[in-house]
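In: Sequence plus predicted model, see below.
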Amino acid sequence: MTYAGSFASPWKRGLIRIIENLTGRLRLLWLVRKWEVDPDRDPNFWKSVLDRLDIKLTTPQDQLDSIPKTGPLVVVSNHPHGLVDGIVMAHLLSHARDDYKILARAFLRHVPRIDKYLLPVAFPHELDAIQTNIRMRKEAIAHLKNDGCIALFPAGTVATSDTWFGPVVDPDWLPFTAKMIRQSGAQVLPVFFPGANSRAYQIADKLSVTLRQALLLHEIKAAMHKDQKVVVGELIDPEALQSYEKDGPGLMKFLKQKTYDLKPV
């Protein structure tokens with residue numbers, strides 16, 4: 001359990017492991033060991049992980065019921081936390097269907113029970129990032145054309161503040177999502193995650209990519225014992241997006257605004 005492996009530099013990998021061990025990794029490893037031997041854990045993998053982290057999904061049932069159970073669907077969301085967002089998203093979608101795939105960093109890859117639900121996204125600094133992400137995009141579009149569900153965080157990175165002590169928001173959403181929607185004719189479902197990572201993470205982001213990545217496990221630990229009241233928005237039909245047929249950036253700006261409009265007042 002480490003984010004160090006995505007860096008080629010030995011000293012960066014070593015620094016990340018040291019910081020991870022000091023800020024949360026050892027506690028998380030202990031929880032993983034307890035989860036592995038727990039005979040009473042929930043049969044739903046995602047629910048069992050959230051139970052171990054003491055994180056409860058408190059989205060109202062009527063919102064969960066509004067998630068389409070069949071047909072091509074693209075679920076878009078802001079990305080305030082990191083790995084926890086992906087786990088909560090998977091648990092949320094598992095209430096409605098079993099053909100969902102989450103576009104996420106390859107942190108949980110090679111766990112047999114959940115591998116079919118993940119499409120790996122490489123960090124930009126990884127040596128094979130271009131090849132990995134091209135393969136991911138092809139698989140995602142093919143899955144949608146087979147009437148599947150794709151969920152992703154179009155920012156492509158965890159939300160940060162523009163200044164050291166400013167508000168935390170996603171950067172501009174990347175246009176690949178627009179291409180998926182256009183080519184598949186999928187419906188779009190905006191989902192909003194409340195919250196943000198710690199101020200220490202925001203400051204680390206301004207100092208170094210290495211430091212920021214070294215604190216991702218700490219942010220998982222910081223998310224423990226907190227409810228996740230994710231907001232599921234209204235479904236957007238392809239016809240409502242026709243005016244953006246040739247305007248990918250405009251479509252992403254529209255979907256980002258639709259998502260942030262779900263933020264509770």
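Out: Thanks, I have it.
In: In space, what's closest to residue 206 - neighbours in sequence excluded?
Out: What sits nearest to residue 206 in space, not counting adjacent residues and going by Cβ to Cβ, 6 or more residues apart in numbering, is residue 164, at 5.7 Å. C-beta: built from backbone N, CA, C; applies to glycine.
In: Surely that neighbour is within a strand?
Out: No - assessed with DSSP: H, G, I helix; E, B strand; the rest coil, residue 164 is coil; it does not lie in a strand.
In: where do the strands sit along the protein?
Out: Taking DSSP state E as the test, the strands found in the chain are 73-77, 100-105, 118-121, 149-152, 160-161, 168-169, 187-192, 231-232.
In: mind putting the ones you listed in JSON lines, mean pLDDT included?
Out: Formatted as JSON lines, these follow (pLDDT from 0 to 100):
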{"stretch": "strand 73-77", "mean pLDDT": "98"}
{"stretch": "strand 100-105", "mean pLDDT": "88"}
{"stretch": "strand 118-121", "mean pLDDT": "84"}
{"stretch": "strand 149-152", "mean pLDDT": "96"}
{"stretch": "strand 160-161", "mean pLDDT": "94"}
{"stretch": "strand 168-169", "mean pLDDT": "94"}
{"stretch": "strand 187-192", "mean pLDDT": "98"}
{"stretch": "strand 231-232", "mean pLDDT": "98"}
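In: Of those strands, give the one that comes closest to residue 24.
Out: Of all the strands of the chain, it is strand 100-105 that lies closest to residue 24, at 16.9 Å by Cβ to Cβ.
In: So what touches that closest one?
Out: 6, 75, 83, 86, 89-90, 93-94, 116-123, 136, 139-140, 143, 148-153 (Cβ atoms under 8 Å, 6 or more residues apart in numbering).
In: One more: stretch 195-209?
Out: Contacts with stretch 195-209, where a contact means Cβ under 8 Å, 6+ apart, come from 80-82, 125, 158-161, 164-165, 168, 211-212, 214-215, 218-219, 222-223, 226, 228.
In: Make a ChimeraX selection of whichever of those turn out to be buried.
Out: In ChimeraX, this line selects whichever of those come out buried by 16 or more other Cβ atoms under 10 Å:
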select :80,81,82,158,159,160,161,168,211,212,214,215,218,219,222,223,228
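In: returning to what we had before: output the strands of the chain as CSV; include the columns distance to residue 63.
Out: Shown next, in CSV, are the strands of the chain (distance: least, Cβ to Cβ, whole Å):
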stretch, distance to residue 63
strand 73-77, 13
strand 100-105, 16
strand 118-121, 24
strand 149-152, 15
strand 160-161, 27
strand 168-169, 23
strand 187-192, 9
strand 231-232, 4
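In: that older thread, buried ones among the contacts of strand 100-105?
Out: The neighbour count (16+ other Cβ under 10 Å) marks 6, 75, 83, 86, 89-90, 93, 117-123, 136, 140, 143, 148-153 as buried among the contacts of strand 100-105.
In: Now for the closest residue to residue 175 other than its chain neighbours: which residues touch it?
Out: If the residues on either side of it in the chain are set aside, residue 175 comes closest to residue 248, at 3.9 Å by Cβ to Cβ, 6+ apart. Residues near residue 248 by Cβ under 8 Å, 6+ apart: 175, 178, 179, 182.
In: how near is the last one to residue 247?
Out: Translated: residue 182. Using Cβ to Cβ, to the nearest Å, residue 182 is found at 10 Å from residue 247.
In: Can I get stretch 45-57 in PDB, CA atoms only?
Out: Taking C-alpha atoms only, stretch 45-57 is exported to PDB below (Å, rounded to 0.1, in the frame of the first residue of the first chain):
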ATOM      1  CA  PHE A  45     -16.400  -5.300  -1.300                       C
ATOM      2  CA  TRP A  46     -16.900  -1.500  -1.400                       C
ATOM      3  CA  LYS A  47     -19.300  -1.500   1.600                       C
ATOM      4  CA  SER A  48     -16.900  -3.700   3.600                       C
ATOM      5  CA  VAL A  49     -14.000  -1.300   3.000                       C
ATOM      6  CA  LEU A  50     -16.100   1.700   4.000                       C
ATOM      7  CA  ASP A  51     -17.300  -0.200   7.100                       C
ATOM      8  CA  ARG A  52     -13.700  -0.800   8.100                       C
ATOM      9  CA  LEU A  53     -12.900   2.900   7.500                       C
ATOM     10  CA  ASP A  54     -16.000   3.900   9.400                       C
ATOM     11  CA  ILE A  55     -17.300   5.900   6.500                       C
ATOM     12  CA  LYS A  56     -21.100   5.800   5.800                       C
ATOM     13  CA  LEU A  57     -22.800   6.700   2.600                       C
END
